[in-house]
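*Asks:* Next one to model:
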Amino acid sequence: MRKMQILITALLSLLSAAALFAQTHTGVAGALPETLNRNFNPALHQQKADAAAPLFQTFGQTDVIGFNGALVNYGGGSNLHYQWPLQKDLTATLDLSFIYLNLDNPFLPFYTRYNNSGDVMLVPFFLGLRREVWREHFDGVLPYLQVGAGPLAGMTFPYGYNFWQSLRYSTTTWTIGGFIGAGFNFAIDKKTVGLIDFRYNLMMFPEQVGPRANYSGPAIAFGVLR
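*Replies:* Numbering: from 1, shown residues only. Model (predicted):
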């Protein structure tokens, strides 16, 4: 419980810092930081707010699809993202991810052969809820908190085969996984929204998948939504 409280506090702090950075480093070149714009440059502040408001209003009321690239503690992957509104500031999300983990160790080849596994692919299919927060505090940036869960597949590819052969002889283990996290969307153009997403994934298998059974850890994703 204590670790979860620390994690949530760290996510909220990271979200605030990242959103503030995006807010003060995007927009018009040479513009003052947002807090100064509010007080000393209200015309520019209002101009930026008016430009982003229609996009985020539409973004929160319609279905959105996107593609993200992600970095996790053991590798990287891609993510297909779909979301649809439930009510004001509350959105349902559906994520299908393909996380590729190259576990070959060129310095310890005997270890890889001994475990008879070269690569692992994790395929989480998570349904989640996303709550938009602090909407009125930022212009052009839309922070959110999120949580989700769903089926998780762990595919193990045997060592010593080419791709198609290893796919043929691969084994799959299923479990239930989940995540908790935060992030923010930011306006790119009149129809496109960018995404920076921070998560802690809970991915534990009942048996060993490759060299380990627990692939839980932090992840960060970057992407675009339309």
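*Asks:* ok, so what distance separates Arg212 from Ala182?
*Replies:* In this view, Arg212 and Ala182 are 27 Å apart by CB to CB, to the nearest Å. (Each C-beta comes from the backbone N, C-alpha and C, glycine too.)
*Asks:* The two: who's more crowded?
*Replies:* Ala182 (27 against 14; other CB atoms under 10 Å).
*Asks:* After the helix or strand containing the more buried one, which helix or strand is next? Please name it.
*Replies:* Assigned by DSSP states H and E, Ala182 falls within strand 171-187. Remark: after strand 171-187, the chain's next helix or strand is strand 193-202, criterion DSSP H and E.
*Asks:* List the strands paired with that following strand, with their directions.
*Replies:* If you go by DSSP bridges, strand 193-202 pairs up with strand 171-187 (antiparallel), strand 217-225 (antiparallel).
*Asks:* Nearest residue to Asp95 in space, please, no chain neighbours.
*Replies:* Distances taken as CB to CB, 6 or more residues apart in numbering place Phe126 nearest to Asp95, at 4.9 Å, with adjacent residues excluded.
*Asks:* quick check: mean pLDDT across the helix or strand hosting Ala213?
*Replies:* Element membership for Ala213, per DSSP H and E: strand 212-214. Averaging pLDDT along strand 212-214 gives 92.
*Asks:* same question, stretch 70-88
*Replies:* On average, stretch 70-88 scores 87.
*Asks:* Tell me how many other residues surround the nearest residue to Leu96 once chain neighbours are set aside.
*Replies:* Among residues not flanking Leu96 along the chain, Leu80 sits closest, at 4.7 Å (CB to CB, 6+ apart). Leu80 has 15 neighbouring residues, counting by other CB under 10 Å.
*Asks:* contacting residues for Leu80?
*Replies:* By CB atoms under 8 Å, 6 or more residues apart in numbering, Leu80 lies in contact with 65-67, 95-97.
*Asks:* Distance to Thr192 for those residues - can I get that in CSV?
*Replies:* Putting those into CSV (distance: CB to CB, whole Å) gives the following:
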residue, distance to Thr192
Ile65, 12
Gly66, 9
Phe67, 12
Asp95, 19
Leu96, 21
Ser97, 21
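*Asks:* Turn those residues into a markdown table, including secondary structure.
*Replies:* Output for those, formatted as a markdown table (DSSP: H, G, I helix; E, B strand; the rest coil):
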| residue | secondary structure |
| --- | --- |
| Ile65 | strand |
| Gly66 | strand |
| Phe67 | strand |
| Asp95 | strand |
| Leu96 | strand |
| Ser97 | strand |
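*Asks:* Most neighbours among these, which one?
*Replies:* Ranking the contacts of Leu80 using other CB under 10 Å puts Asp95 first, with 24 neighbours.
*Asks:* Hmm, that residue is touching Gln146, no?
*Replies:* No - counting by CB atoms under 8 Å, Asp95 does not reach Gln146; the two are 9.9 Å apart.
*Asks:* Now do the shared contacts for these two.
*Replies:* In terms of CB under 8 Å, 6+ apart, Asp95 and Gln146 are both contacted by the residues Gly128.
*Asks:* dump the residue contacts of the residue nearest to Asn68 when sequence neighbours are not counted.
*Replies:* Nearest residue to Asn68, sequence neighbours excluded (CB to CB, 6+ apart): Gly223, at 3.0 Å. Contacts for Gly223 (CB under 8 Å, 6+ apart) come out as 66-69, 79, 81, 194-195, 197.
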